[in-house]
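K.L.:
quick one, what's the 3D model for this:
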Amino acid sequence: TDLLKSVQYNYQSTVREIKNTISDLGEGSNVDVIAMGDDNTEFRIRASLGKSIPKADKVKLIENEVIHPLKEKYSALKILSLPDYEALVNSLSIDLGEDSSVADLQDILGKAVAIKAFEKGNQSKYIMDTTFSQLIAKKKVEEPLQKKFPQLNIKDNTTYDPTQGAAIKEQAFLVSLLVLALILLYIGIRFEFKFGVAAIIALVHDVIVVLCFVLFFDREVDIPTVVALLTIMGYSLNDTIVIFDRIRENKEILATEDNNLVVNNSINQSLSRTIVTSLTTLFVVTCLLFLGGPALENLSFALFVGVIVGTYSSIFVASPVLVIWENFLAKRDSRKVNKLRKSAPGKKTKKSEDKVVV
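P.N.:
Here you go, the predicted model:
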C-alpha cells in the first residue's frame with residue numbers, strides 16, 4: 001500500500017458519491033468509505049494506491065504542486081536545490097527573489113508542504129519539506145472533495161509514504177523482537193526460562209486473536225489499535241506473572257505433589273483475583289466502547305476483545321504450555337534413566353557365579 005488517507009468531513013452525501021469523486025487514483029487503487037454516523041454527514045475514507053509512484057510522476061508532482069503555484073506569485077523564483085526523489089521526506093530549497101513570510105507561502109501551498117526559513121533573518125530563501133503521498137492526497141483526494149462538497153470540513157488527515165511504511169514496519173518488527181527478548185530475559189531471571197517461553201506464547205496468541213477480531217469486523221488497524229495491542233500485551237503479561245508467582249510458591253510448599261495438581265491449585269487460588277480484576281477493567285472498557293464516540297471506537301473495541309482474551313490466555317494458554325513443557329521434561333528424564341539402567345552391563349563376582357553386580 002503506497003498511500004493511506006484518512007479523512008472525516010461533514011456534508012450530506014453518500015458512500016457512492018464520495019467514491020466517484022476520488023476515483024482517479026490509478027490502476028489497482030482502492031477506496032474504502034465508512035459512514036461514522038446515521039445522518040450521512042460524517043465519513044472515514046481510506047484510499048490506497050495500487051503501485052509505487054514512478055520518478056517521472058514525482059517530478060511532475062513537485063513541479064505542479066509546489067514550483068508552479070509559487071512562480072505565479074514570485075516570478076523571480078530560483079531553485080537552489082532539488083529534492084531527493086527516493087528519500088522519505090523531500091526537501092526543496094528556493095529563493096523567492098523578494099521578501100515573504102511562512103504564512104503567505106503556506107496559504108499558497110496548503111498543509112501538504114512544511115515550510116521553514118533557509119537561514120535566520122532571511123525572508124526570501126525557504127526550505128519546503130513534503131512527501132509524495134501528501135501531494136497525491138492533496139491533488140487526488142482533498143481537492144476533488146473540496147470542489148464537489150464546498151462545505152467540506154477535514155477533521156483528521158493521515159498519509160503514509162510507501163518507503164516510510166516499509167521503514168515503520170521494519171522498525172516495529174525489530175522493536176517487537178527486542179521487547180519479547182527482554183520479557184523472556186526478565187521472566188527467565190525472575191522465574192525460569194520455561195516460564196518465559198510460556199508467557200511469550202500467550203502474548204503472541206493474544207495479539208493474533210485480537211487482530212483476527214479486528215479484521216473480521218472490518219475495522220481499521222490504525223494507531224489507536226496498535227496502542228490497544230500494546231496495552232493488552234502488558235495487561236496479559238501482568239496477569240500471567242501473578243499466576244506464575246503462585247505456581248512457584250506452591251512448588252516450594254508442595255514439592256512432593258504431582259506437577260499438574262500444583263499448577264491446578266495455583267490457578268484456583270488466584271482465580272478470584274483474576275476474575276474480579278478483569279471484570280472491573282472490562283466494565284470501564286465497555287463504557288468506552290459504547291459511550292466514547294467514533295474517535296475511541298477502534299481503541300475500545302480492541303481493548304474489549306483483548307481484556308477477555310488476555311484473561312483466559314493467562315489461565316488456559318500460558319499455564320497449560322508450562323505444564324506440557326514440564327511433563328515433557330519429566331518424561332524425557334525418565335526415559336534417560338531407564339535407558340541407562342538397561343544399558344548397564346551385569347558382572348559376575350569371583351565369590352559366586354549366582355551373584356551379579358550391576
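
K.L.:
who does the helix or strand Gly188 falls within touch, helix- and strand-wise?
P.N.:
Element membership for Gly188, per DSSP states H and E: helix 162-190. Other elements packing on helix 162-190 under the criterion 3 or more C-beta pairs under 8 Å, 6 or more residues apart in numbering; DSSP states H and E are helix 193-216, helix 223-253. Any C-beta I mention is one placed from the backbone N, CA and C, and that applies to glycine too.

K.L.:
what residues are up against the residue lying closest to Leu92 once chain neighbours are set aside?
P.N.:
Distances taken as C-beta to C-beta, 6 or more residues apart in numbering put Met128 closest to Leu92, at 4.4 Å, once the chain neighbours are dropped. By C-beta atoms under 8 Å, 6 or more residues apart in numbering, the contact set of Met128 is 66, 91-94, 109, 113-115.

K.L.:
next, the buried residues of the lengthiest helix in the chain.
P.N.:
Longest helix in the chain by number of residues (criterion: DSSP state H): helix 259-291. Neighbour counts over helix 259-291 (16 or more other C-beta atoms under 10 Å) mark 259, 262-263, 265-267, 270, 274, 277-278, 281-282, 285, 288-289 as buried.

K.L.:
what's the closest of those to Ala228?
P.N.:
For these, the residue nearest Ala228 by C-beta to C-beta is Val285; the value is 9.5 Å.

K.L.:
just to check, Ile247 is in contact with Ile315?
P.N.:
No. Assessed by C-beta atoms under 8 Å, Ile247 is found out of contact with Ile315, at 11.7 Å.

K.L.:
more neighbours, those two?
P.N.:
Ranked by neighbour count (other C-beta atoms under 10 Å), Ile247 and Ile315 place Ile247 first, with 23 against 18.

K.L.:
pLDDT wise, what is the residue nearest to that one when sequence neighbours are not counted at?
P.N.:
Residue nearest to Ile247 in three dimensions, not counting chain neighbours: Ser266, with 4.3 Å by C-beta to C-beta, 6+ apart. The per-residue pLDDT reported for Ser266 equals 91.

K.L.:
got it, and Phe118?
P.N.:
Looking at Phe118, its pLDDT is 80.

K.L.:
cool, Ile79 as well?
P.N.:
In this model, Ile79 is scored at 86, pLDDT.

K.L.:
with Ala295 instead?
P.N.:
At Ala295, pLDDT is 75.
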